[in-house]
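**Q** sequence and predicted model, in that order:
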Amino acid sequence: MSIHEITQTIMTFIEHNQVWSIPVIFLLAFGESLAIISLLLPATAILLASGALIGADLIPFMPTFLAASAGAIMGDWVSFWLGKHYHQQIIHAWPLNKHPKTVYRAEQFFHRYGLTGVFIGRFFGPLRAVVPLIAGAMHMPWFKFNIANVSSAPVWAFVMLAPGAFGVQWLEALFG
């Protein structure tokens, strides 16, 4: 099954089973923010498309936004915990050992930007779930990590959902 087919299947499920949209969105955001899993899960496309379901009034904005935020916070927290608990072992294990450039870039990014790097890292594809893992492995204090994690997750969730949720309405108002 291709990524496009997986995305379409999940979107069809959400559209036809709206009562499950909130738990599915939570799990997608969690998976998108979880080390290793995010490399395999097409969650970004699904979250962006979910915004269109919000724009079409098929699913509600606020619960979807809160679910995406909570899932992102939990995914980063678990990634951070794994890094803190397993240190370098996890970085040298599969599949991260197959992506040494990504790990190296995350390390450099974290060293250069620290707390700000954790915040900003959420918005850069493959770095999204690796940065919290590296932050944990480098023993960043929990408090500092959680400041960046909890403050960046709602911004990221809004960025994922807003184009579909509000973009179509905004364009219709502008050009309609």
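**A** Arrived safely. Residues are numbered from 1 along each chain as shown.
**Q** please count neighbours and contacts with C-alpha atoms only from this point.
**A** OK.
**Q** buried residues in the lengthiest helix in the chain, which are they?
**A** As assigned by DSSP state H, the longest helix anywhere in the chain is helix 142-175. Buried residues in helix 142-175, counted by 16 or more other CA atoms under 10 Å: 145-146, 148-150, 152-154, 156-158, 160-166.
**Q** helices or strands up against that helix?
**A** Judged by 3 or more CA pairs under 8 Å, 6 or more residues apart in numbering; DSSP states H and E, the packing partners of helix 142-175 are helix 43-55, helix 61-91, helix 100-121.
**Q** quick one: buried residues of the first one?
**A** Which is helix 43-55. For helix 43-55, a neighbour-count test (16+ other CA under 10 Å) marks 43, 44, 46, 47, 48, 49, 50, 51, 52, 53, 54, 55 as buried.
**Q** same check, this time on the last one
**A** Counting neighbours by 16+ other CA under 10 Å, one finds that the buried residues in helix 100-121 are 102-103, 106-107, 109-110, 114-121.
**Q** which secondary structure elements does the helix or strand following it contact?
**A** Next helix or strand after helix 100-121 toward the C-terminus (DSSP states H and E): helix 127-137. Using 3+ CA pairs under 8 Å, 6+ apart, the elements in contact with helix 127-137 are helix 21-33, helix 61-91, helix 100-121.
**Q** could you list the alpha-carbon positions for stretch 149-165 in CSV?
**A** Extracted C-alpha coordinates of stretch 149-165, given in CSV (Å, rounded to 0.1, in the frame of the first residue of the first chain):
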residue,chain,number,x,y,z
ASN,A,149,7.7,21.3,24.0
VAL,A,150,4.5,22.6,25.5
SER,A,151,4.8,26.0,23.9
SER,A,152,5.6,24.8,20.4
ALA,A,153,3.0,22.0,20.2
PRO,A,154,-0.1,24.3,19.9
VAL,A,155,1.7,26.5,17.4
TRP,A,156,2.6,23.5,15.3
ALA,A,157,-0.9,22.1,15.6
PHE,A,158,-2.4,25.4,14.4
VAL,A,159,0.1,25.5,11.5
MET,A,160,-1.0,21.9,10.5
LEU,A,161,-4.7,22.5,10.7
ALA,A,162,-5.2,26.2,9.8
PRO,A,163,-4.6,26.1,6.0
GLY,A,164,-7.4,23.7,5.4
ALA,A,165,-9.6,24.9,8.3
